[in-house]
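Q: With the sequence up front, the predicted model follows.
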Amino acid sequence: MHTCTAYLCAAMQKQIASYLFQHKTCPLPGLGTLSVTISEAGSDFTNKLFTSPKPSVHFDQTETDASGLLNYLSVTTGSEKSEASEVLTRFCSDLKQKITNETAVHLNYVGSFFTDGSGVISFKEEELPAAFLRPVFAERVVHPDAEHQILVGDKETTNTVMTELLAPKTEINDRWWIWAIVLGVLGLAALLIYFTEFNGTYPFGNLIQN
């Protein structure tokens, strides 16, 4: 079997990285399996920042089915599946040999393989550029007049309804005397106007004369 050429190796590394980050797993026949986990986004409320999710690449020597990767290589390169299988097998064989013979072997966009003191293949992921992990500034916007759903106990209602229910209602009761005074003044004014119009007479006749 021929060894992998520099051009073929570089092209295969790009294909493997692309498949890995799209499908979150990538089998390497004869070596093991690469996988990607994504951490959750973080929050820094003090500085009003959200940190972006961070992908992390892992390697396990357990081999998995490579049919999905072979289909991907066949479609993206326009080659037959059997040809894609031969190229992948050649690439992984060369990669394993280099890992065994060299201190470390770097897989572009993914990380580096190396063997520890006992000869076990280990992996160290490649650090992503800081530009891909920049935090996002987030300013909280509050719309006090906007109506929205809220949960009170086990019942769902709206903030508008709750505001009306909780609004103080003692103001009207506490000021009943104001309305009493206003009504009294209006009554006296009506009486004055009435007696002024009748010039000191009753509506049913003149005043009693002595």
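A: Received it, and whenever you're ready, just let me know what you need.
Q: And the pLDDT at Thr33?
A: We have a pLDDT of 96 for Thr33.
Q: what about it, which helix or strand?
A: strand 32-38 (DSSP states H and E).
Q: List the buried residues in that strand.
A: 32-36 (16 or more other Cβ atoms under 10 Å). The C-beta positions use only the backbone N, C-alpha and C, and glycine is treated the same way.
Q: Next up, the contacts around Tyr72.
A: 15, 19 (Cβ atoms under 8 Å, 6 or more residues apart in numbering).
Q: at 6 Å instead, please
A: Tyr19 (Cβ atoms under 6 Å, 6 or more residues apart in numbering).
Q: Look up phi and psi at it.
A: Dihedral angles of Tyr72 (phi, psi; degrees, to the nearest 10) stand at phi -60, psi -50.
Q: re the thing from before, from the buried residues of strand 32-38, which single one is nearest Ala10?
A: Among those, Leu34 lies closest to Ala10 (Cβ to Cβ), at 17.5 Å.
Q: For that closest one, give its distance to Gln13.
A: Leu34 is 12 Å from Gln13, where distance means Cβ to Cβ, to the nearest Å.
Q: Below-threshold pLDDT in this structure: ranges please.
A: Residue ranges of the chain with pLDDT under 70: 1-8, 42-45, 47-52, 128-153, 159, 161-163, 165-177, 194-210.
Q: Recalculate using a threshold of 90.
A: In the predicted model, the chain carries pLDDT under 90 at residues 1-11, 37-56, 77, 97, 99-105, 108-109, 115-121, 126-210.
Q: mind listing the strands in it by residue range?
A: Using DSSP state E, the strands of the chain run over 25-28, 32-38, 42-44, 49-51, 55-60, 104-107, 111-115, 121-125, 136-137, 149-152, 155-158.
Q: Identify, out of those strands, the most deeply packed stretch.
A: strand 25-28 (a mean of 22; mean count of other Cβ atoms under 10 Å).
Q: That one pairs with which strands, parallel or anti?
A: strand 32-38 (antiparallel) (DSSP bridges).
Q: quick one on the thing from earlier: now the strand holding Thr33 and strand 121-125, what's the angle there?
A: Comparing the axes of strand 32-38 and strand 121-125 via axes from the mean of the first three to the mean of the last three Cα atoms, to 10 degrees yields an angle of 30 degrees.
Q: export strand 32-38 as CSV, just CAs?
A: The C-alpha trace of strand 32-38 is given here as CSV (Å, rounded to 0.1, in the frame of the first residue of the first chain):
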residue,chain,number,x,y,z
GLY,A,32,-10.1,5.1,17.3
THR,A,33,-12.7,7.8,17.3
LEU,A,34,-12.6,11.6,17.6
SER,A,35,-15.6,13.3,19.2
VAL,A,36,-16.7,16.9,20.0
THR,A,37,-18.6,18.1,23.0
ILE,A,38,-20.0,21.7,23.3
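Q: So which residues make contact with that strand?
A: By Cβ under 6 Å, 6+ apart, strand 32-38 touches 20, 24-27, 53, 55-61, 64.
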